[in-house]
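1. quick one: sequence and predicted model below, then my questions.
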Amino acid sequence: MSRAPGSAARPEKATQAPGRDSRLDNAKFLLIALVVFGHAIEPLRDYAPTQVVYYWFYMFHMPAFIVISGYLSRNFDASSSRVEKAVLTLAIPYLIFWAIHQTIYAAEDGLPDSLSVLTPTWSLWFLVALFLWRLSVPVWKRLRWPVTIAVVISVFAATADLTTTLSLGRVLSFLPFFVLGLSLRKEHFELLDRVWARVGAVAIFAVTFVFALFIANEEVSREWLFWRESLSDRDIDPILPSMAIRLTFMGIALAMSFAFLALTPKKKTWFTKLGAYTLYVYLGHGAFFLILKASPYYEYFEETGWVGLALTTAIAVAVTLLLCTPWVRKALKWAVEPQPQWLLRTDEPAPKAAMSGSNPAEEASTAERPAVPDTSATAGPVPDGSPSGGPSSANGEGPRPGSS
């Protein structure tokens, strides 16, 4: 992801910064729109068409977003300025929106038994995951087979009884997609411009849409799509065939992610510049839909079929676009891009990079510029956002801390 609003002299212009990749900006906006759409229609899944569409794009939208996040994190290193920036631009927005979510929960159901900030609420797991993934980038840069190692860690970690603390289930489950993104180069994306890649992308989407019908009919467990529960919690052997199924869904997610990128416009569009503001959408829409779910809205429309689906889709589109507008971004900047100088010591100047105000979901000033040549490119990744929003609760009971 790129420069966030406020880091430029005139953010209201929302012009694309030099060196940005239009395909990635387009993809980020489309994916964050899917995140909002998924969270919006989740309570309407009793309607069969909603179920099919919901489970279909849940097969790929978060993996694709995480691949892009990894690619844009290539220039992250262990320097004090970048670590400080990660803390200030990920941890503090996380705490602010965690408090907002808990306030909404408390207003609806009263105070919970536990108020642990180590248990992410609803979609905030992604900020925790991105923070931990970013800190691990220097390690992956040193490994010879980073993607293979990440896959092994992900598969075997799924057999452990992981709690909701820090959403470790998802952090480790999605790890291979982030590491794969770190390993990609510009020339890999150029392959997606080939005719065979686009034809194959259409075929992949068609086949997986049919597969979504089986998932909607519960002929395949839906939990495979959410990457959050331990395999030991399933009514299936956690080793075999669970690991094989896990790898299969990982392959499906990867194929669909590249199919999506192949079909994403490469040139600038009317929504290209909005790809820079995905974090505003990601964090802002969560609070909105938590309030909407606490209202009578879904109780009224959950049995209305296509009417409820159409109206809720319109709301999701409107919320996505609204959160990208300059005046809304200005109103939310204190929470999404806080400048907490009061947390820093005053006896030494703050590193410029740490307080640049860039989008936490990407490395703003360097991520989308040509990567610095790396002589170890053959050994692994080189150095660097919604989310995208995360998968919502699959049990239809609405989001709760650590549930999604």
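-> Looks like it arrived, so ask away. Nothing here was measured: the structure is a model prediction, and the numbers come from that model. Numbers count the residues shown, from 1 in each chain.

2. burial check on residue 144, number of neighbours?
-> 10 (other CB atoms under 10 Å). All C-beta atoms are positioned from the backbone trio N, CA, C, and that covers glycine.

3. that should have said residue 88, apologies.
-> When neighbours are counted by other CB under 10 Å, residue 88 comes out with 22.

4. let's have the chain start at 30 instead
-> Noted, 30 is the first residue going forward, which turns the last one into residue 117.

5. I'd assumed residue 372 was in contact with it.
-> Yes - the criterion here is CB atoms under 8 Å, and residue 117 meets it with residue 372 at 7.4 Å.

6. look up phi and psi at residue 150.
-> Per-residue torsions, residue 150: phi -90, psi 130 (degrees, to the nearest 10).

7. helix, strand or coil for the nearest residue to it once chain neighbours are set aside?
-> Among residues not flanking residue 150 along the chain, residue 130 sits closest, at 3.9 Å (CB to CB, 6 or more residues apart in numbering). Secondary structure, DSSP: H, G, I helix; E, B strand; the rest coil: residue 130 is helix.

8. doesn't residue 149 make contact with residue 130?
-> No - using CB under 8 Å, residue 130 is not in contact with residue 149; the gap is 9.1 Å.

9. looking at those two, which is more packed in?
-> Taking neighbours as other CB under 10 Å, residue 130 and residue 149 compare with residue 149 leading, 27 against 21.

10. show me the contacts for the residue nearest to residue 150.
-> By CB atoms under 8 Å, 6 or more residues apart in numbering, the contact list for residue 130 reads 150-151, 153, 315-316, 319, 430.

11. could you dump those residues into a markdown table and include pLDDT, secondary structure and distance to residue 102?
-> Shown next, in a markdown table, are those (pLDDT from 0 to 100; DSSP: H, G, I helix; E, B strand; the rest coil; distance: CB to CB, whole Å):
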| residue | pLDDT | secondary structure | distance to residue 102 |
| --- | --- | --- | --- |
| 150 | 93 | strand | 24 |
| 151 | 91 | helix | 23 |
| 153 | 96 | helix | 19 |
| 315 | 96 | helix | 22 |
| 316 | 95 | helix | 26 |
| 319 | 96 | helix | 28 |
| 430 | 46 | strand | 27 |
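
12. most widely separated two among the residues you listed?
-> 316 and 430 (14.4 Å; CB to CB).

13. higher neighbour count, these two?
-> Neighbour count, other CB under 10 Å: between residue 316 and residue 430, residue 430 has more, with 21 against 17.

14. am I right that residue 241 sits in a strand?
-> No - counting by three-state DSSP, residue 241 falls outside a strand, being helix.

15. tell me which element the residue nearest to residue 241 when sequence neighbours are not counted is part of?
-> Nearest non-adjacent residue to residue 241, counting by CB to CB, 6+ apart: residue 85, 3.7 Å away. Assigned by DSSP states H and E, residue 85 falls within helix 77-87.

16. got any ranges where the stretch 280-429 of the chain has weak pLDDT?
-> Where the stretch 280-429 of the chain drops to pLDDT under 70, the residues are 375-429.

17. any idea how far residue 136 is from residue 322?
-> 12 Å (CB to CB, to the nearest Å).

18. which of these two has more neighbours?
-> Set residue 136 next to residue 322 and count neighbours by other CB under 10 Å: residue 322 wins out with 19 against 11.

19. residue 230 contacts residue 292, correct?
-> Yes - judged on CB under 8 Å, residue 230 makes contact with residue 292 at a distance of 5.1 Å.

20. higher neighbour count, the two?
-> Per other CB under 10 Å, whichever of residue 230 and residue 292 has more neighbours is residue 230, with 20 against 16.

21. so what's the more buried one closest to, chain neighbours aside?
-> residue 288 (3.6 Å).

22. the one you found should be in a helix, yeah?
-> Yes - the assignment for residue 288, made by three-state DSSP, places it in a helix.

23. gap between it and residue 51?
-> 19 Å.

24. more crowded one of the two?
-> More neighbours surround residue 288 than the other of residue 288 and residue 51, with 22 against 18 (other CB under 10 Å).

25. dump the residue contacts of the more buried one.
-> Counting by CB under 8 Å, 6+ apart, residue 288 has contacts 89, 229-231, 233-234.

26. what of residue 336?
-> Residue 336 touches residue 330, counting by CB under 8 Å, 6+ apart.

27. now the helix or strand harbouring residue 93 and helix 77-87, what's the angle there?
-> Using DSSP H and E, residue 93 sits within helix 90-100. With axes from the mean of the first three to the mean of the last three CA atoms, to 10 degrees as the basis, helix 90-100 and helix 77-87 are set at 20 degrees to each other.

28. convert the C-alpha atoms of the helix or strand immediately after helix 90-100 in the chain to CSV, please.
-> Counting by DSSP H and E, the element after helix 90-100 in chain order, helix or strand, is helix 109-115. Only the C-alpha atoms of helix 109-115 are listed here, as CSV (Å, rounded to 0.1, in the frame of the first residue of the first chain):
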residue,chain,number,x,y,z
SER,A,109,14.8,1.3,14.8
SER,A,110,12.8,3.8,12.7
ARG,A,111,10.8,1.1,10.9
VAL,A,112,10.2,-0.9,14.1
GLU,A,113,9.0,2.3,15.8
LYS,A,114,6.8,3.1,12.9
ALA,A,115,5.3,-0.4,13.0
